[in-house]
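>>> test case, fold it:
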Amino acid sequence: MTEILTRAAAGLSSLDEATREVDAVLATETPCRRRDWENGGHYDEVLICTADAIDTTRLDSLACLDGHKSSSVENRLGTVVPGSLRFENGAAIVRIKLSRNAKADAVLADLADSHTLNTSLGYRILSAERIETDDGEAPTLRCTTWEPLELSVVQIPFDPNAKTRNFEGNTMTTKTKTRSAADTATINELASHFGEAEFARSFIDDGKSVAEFRTALLERMAENEPVIDGNFGAPGLTDRHANHMTARAEALAARLTGATPQGDARHFATSSLMDHARGIVEATGTDTRSLSRDEIIGRAMSVRSGGMHTTSDFIGLLQGAGRRVLMQGYEAAQSPLKTRLSRSATMSDFRAKSMLKISDGGLLQKVNEHGEIKSTTRAESAEGYKLETYASMFSMSRQAIINDDLGAFADWNSMAGRMSALTENKLLFDLLTQSSGSGPVMGEDSVRMFHSDHGNLGTPAALSVDSLSAARTAMRKQTGFDGVTRINVQPAVLLVGPELETTAEKILATLNANTVAEQNPFGGGKLELAVESQMDGIGWYVFANPASVPVLEWAYLSGAPGPSVAVKDSWEILGSSFRVSLDFGAGACDFRGVFRNEGAEPEA
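Next up, the predicted model:
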């Protein structure tokens, strides 16, 4: 038998405040009335309380919980003292050592005031024997082997009407109960998450399904708070509702991507769009049994937990799931030109941003014998860019929703994520390679980024150790605004296109050289390799770390990092329209942190 069961018992009074220990009833042989789903009617369950009947595998590490809440360590009140199990008058008794936390302190204070503990045991039946009677009384199931799983402190005993009954058994047969432990565990997990452990116990004991419990739980939540949040944290809505809708969105996103849902999303792993719509409608107290599928979708789209001017809960669900798929595609398509070779920023509006560059101000000067400190002058220059908006749209018909046709929806969101990343990358790449590879005009001197005057344009040469050495030397000799002070730019990343990827890997690989003269000066990670798929040909770049000497900068609009998804009920079609938009801009910062070589074919 694999079902996890619970039963309650009255407490004892044996407190030792110094050690924070108290005796507690683990179980008694008092019959507990349960419903018999296999044979009809009811039966009395008896836990045999002897040393041979109790599987003590977990007993010495058994947790004492607050109301069967096992989802967090914060709900642990203590643990069973190892070796403390004993038997008195048909009862199994253990000693509990209370934890040092707020909840356990409250229990300790009640005990010190002469209150007793009401305990409820969570256990698993391993073997049992069924005893039938001829006098019409309920049969008895004697649990001859069972395993304690946890012991909880409760306010109200689980079955206060269970009384000791004397009976005569005249026949005995063995029968194994077949209730699913997985269903019981799911109900317990749902109940624990929503703080409804007491509410769940009657469903567990009556053998009702997970689906029945979910429906009843939603109805119970609707009675207390009439709507469930689909807007993920809209003002005035509870965290519990937001978490509930977030779990639905994560489960739907898992279906769209083929991933395995985690945490609370597992409860909705197999839910179709119609299942989600039905759940949202039923949470308002509406009986959907007489509604058509089209009517359920229509009503789901009208439920707005955040008020009449917010997106409907169902559309919010699609929007949340779609964004997760979009961001997965977006992250997968990121380019090293953005993630490794550029500096990020944030802009509060769409006005042009000016990036002010200030010179180093010269070296420190020696202080003369009179203590006089000479002041220095500083120069300034500015580069600039602004944000632009990029967008795309997609429509999903009501028929597709009813048919649970997620293919096109998933494909569009994934594609929109990839296209958003590629849009950003193209803007940066076009900036770097504009004017036939000369780059943008720099505000500092009105000369394009790659120019002999800037000392960052090499004589065309094939990628090799020697040409890389020349690039490194040029970068090390870069000077500040004064044209004199060398600022020691350190090469960090070699950027190539697909044609040079293998060659670059060979050059940067650490060689097992026999002599110092044969060693590769760029081996051992001195230069990292980045490959830009948009680059064609045999040209190459060397970049400094953008944190020290930035070359390119990109920015999002404040509060909108990356692409965002907006949804509206469509008037033109029976369905919904989805829009992805991106507020993004990029500009050049400086020419000193990069070196370009247009490349050449290697000599034969």
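>>> pLDDT value on residue 441, please?
pLDDT for residue 441: 92.
>>> apart from its chain neighbours, what residue comes closest to it?
Excluding the flanking residues, the one nearest residue 441 by Cβ to Cβ, 6 or more residues apart in numbering is residue 448, at 5.5 Å. The way it works is simple: take the backbone N, C-alpha and C, and place the C-beta from them, glycine included.
>>> check what pLDDT the one you found gets.
Per-residue pLDDT puts residue 448 at 94.
>>> thinking it is in contact with residue 436, fair?
No: under the criterion of Cβ atoms under 8 Å, residue 448 makes no contact with residue 436, lying 9.8 Å away.
>>> quick one, which of these two is more surrounded?
Shown here are residue 448 and residue 436; by other Cβ atoms under 10 Å, residue 448 has more neighbours (20 against 8).
>>> ok, now which ones touch the more buried one?
With contact taken as Cβ atoms under 8 Å, 6 or more residues apart in numbering, residue 448 is in contact with 435, 438, 439, 440, 441, 442.
>>> cool, and residue 318?
252, 396, 409, 567, 576, 578.
>>> helix/strand/coil for it?
helix (DSSP: H, G, I helix; E, B strand; the rest coil).
>>> give me the distance between it and residue 471.
Separation of residue 318 from residue 471 (Cβ to Cβ, to the nearest Å): 50 Å.
>>> how about the helices in the chain?
Along the chain, the segments classed as helices by DSSP state H run 102-112, 181-193, 197-205, 210-224, 239-257, 273-282, 293-300, 313-332, 336-339, 398-402, 407-433, 465-476, 501-508.
>>> can you add distance to residue 84 and mean pLDDT and give the ones you listed back as CSV?
Below are the helices of the chain laid out as CSV (distance: least, Cβ to Cβ, whole Å; pLDDT from 0 to 100):
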stretch, distance to residue 84, mean pLDDT
helix 102-112, 17, 89
helix 181-193, 26, 66
helix 197-205, 26, 67
helix 210-224, 35, 64
helix 239-257, 38, 78
helix 273-282, 46, 85
helix 293-300, 54, 81
helix 313-332, 49, 83
helix 336-339, 57, 92
helix 398-402, 58, 72
helix 407-433, 56, 89
helix 465-476, 71, 94
helix 501-508, 64, 92
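>>> as JSON lines, these with distance to residue 151 would be great.
Formatted as JSON lines, the helices of the chain follow (distance: least, Cβ to Cβ, whole Å):
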{"stretch": "helix 102-112", "distance to residue 151": "13"}
{"stretch": "helix 181-193", "distance to residue 151": "15"}
{"stretch": "helix 197-205", "distance to residue 151": "14"}
{"stretch": "helix 210-224", "distance to residue 151": "24"}
{"stretch": "helix 239-257", "distance to residue 151": "27"}
{"stretch": "helix 273-282", "distance to residue 151": "34"}
{"stretch": "helix 293-300", "distance to residue 151": "43"}
{"stretch": "helix 313-332", "distance to residue 151": "39"}
{"stretch": "helix 336-339", "distance to residue 151": "51"}
{"stretch": "helix 398-402", "distance to residue 151": "47"}
{"stretch": "helix 407-433", "distance to residue 151": "46"}
{"stretch": "helix 465-476", "distance to residue 151": "68"}
{"stretch": "helix 501-508", "distance to residue 151": "61"}
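>>> can you say which of those helices is nearest to residue 589?
Among the helices of the chain, the nearest to residue 589 by Cβ to Cβ is helix 407-433 (10.8 Å).
>>> on contacts alone, who are the packing partners of that closest one?
Other elements packing on helix 407-433 under the criterion 3 or more Cβ pairs under 8 Å, 6 or more residues apart in numbering; DSSP states H and E are helix 239-257, helix 313-332, helix 336-339, strand 388-397, strand 552-557, strand 575-588.
>>> rerun at 6 Å
Using 3 or more Cβ pairs under 6 Å, 6 or more residues apart in numbering; DSSP states H and E, the elements in contact with helix 407-433 are helix 313-332, helix 336-339, strand 388-397, strand 575-588.
>>> residue contacts, residue 150?
Counting by Cβ atoms under 6 Å, 6 or more residues apart in numbering, residue 150 makes contact with 63, 65, 122.
>>> narrow the residues you listed to those in strands?
63, 65, 122 (DSSP state E).
>>> show me what the last one is bridged to.
In this structure, residue 122 has the following beta-bridge partners (DSSP bridges): residue 6, residue 150.
>>> which non-adjacent residue is nearest residue 69?
residue 75 (4.0 Å).
>>> before we move on, the earlier item: could I get the contacts of residue 448 as CSV with neighbour count and distance to residue 23?
As requested, those are exported to CSV (neighbours: other Cβ atoms under 10 Å; distance: Cβ to Cβ, whole Å):
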residue, neighbour count, distance to residue 23
435, 11, 85
438, 15, 85
439, 25, 80
440, 20, 80
441, 15, 84
442, 19, 81
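>>> just give me the closest of those to residue 280.
Once Cβ to Cβ is applied, the member of the contacts of residue 448 that ends up nearest residue 280 is residue 440, at 50.7 Å.
>>> that closest one and residue 588 touch, don't they?
Yes: at 4.6 Å, residue 440 and residue 588 qualify as touching, with contact defined as Cβ atoms under 6 Å.
>>> need the overlap of contacts for these two.
residue 449.
>>> count the neighbours of the nearest residue to residue 286 once chain neighbours are set aside for me.
Spatial nearest neighbour of residue 286, chain neighbours left out: residue 299 (6.8 Å); criterion: Cβ to Cβ, 6+ apart. Other residues near residue 299 number 20, with proximity taken as other Cβ under 10 Å.
>>> so residue 299 touches residue 281, yeah?
Yes: counting by Cβ under 6 Å, residue 299 touches residue 281, with 4.9 Å between them.
>>> for residue 36, give me its contacts.
Residue 36 makes contact with 42, 43 under the criterion Cβ under 6 Å, 6+ apart.
>>> mind checking pLDDT for it?
pLDDT, residue 36: 71.
>>> please apply the same query to residue 574.
55.
>>> residue numbering should commence at 39 henceforth.
Got it, first residue is 39 now, which makes that one residue 612.
>>> quick one: the contacts of residue 486 as JSON lines, columns for distance to residue 531 too.
Converted to JSON lines, those look like this (distance: Cβ to Cβ, whole Å):
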{"residue": "473", "distance to residue 531": "23"}
{"residue": "476", "distance to residue 531": "21"}
{"residue": "477", "distance to residue 531": "17"}
{"residue": "478", "distance to residue 531": "20"}
{"residue": "479", "distance to residue 531": "24"}
{"residue": "480", "distance to residue 531": "21"}
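>>> if we can go back for a sec, could you dump the ones in strands among the contacts of residue 188 to CSV with pLDDT and distance to residue 138?
CSV is the format used below for the ones in strands among the contacts of residue 188 (pLDDT from 0 to 100; distance: Cβ to Cβ, whole Å):
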residue, pLDDT, distance to residue 138
101, 89, 15
103, 88, 16
160, 84, 23
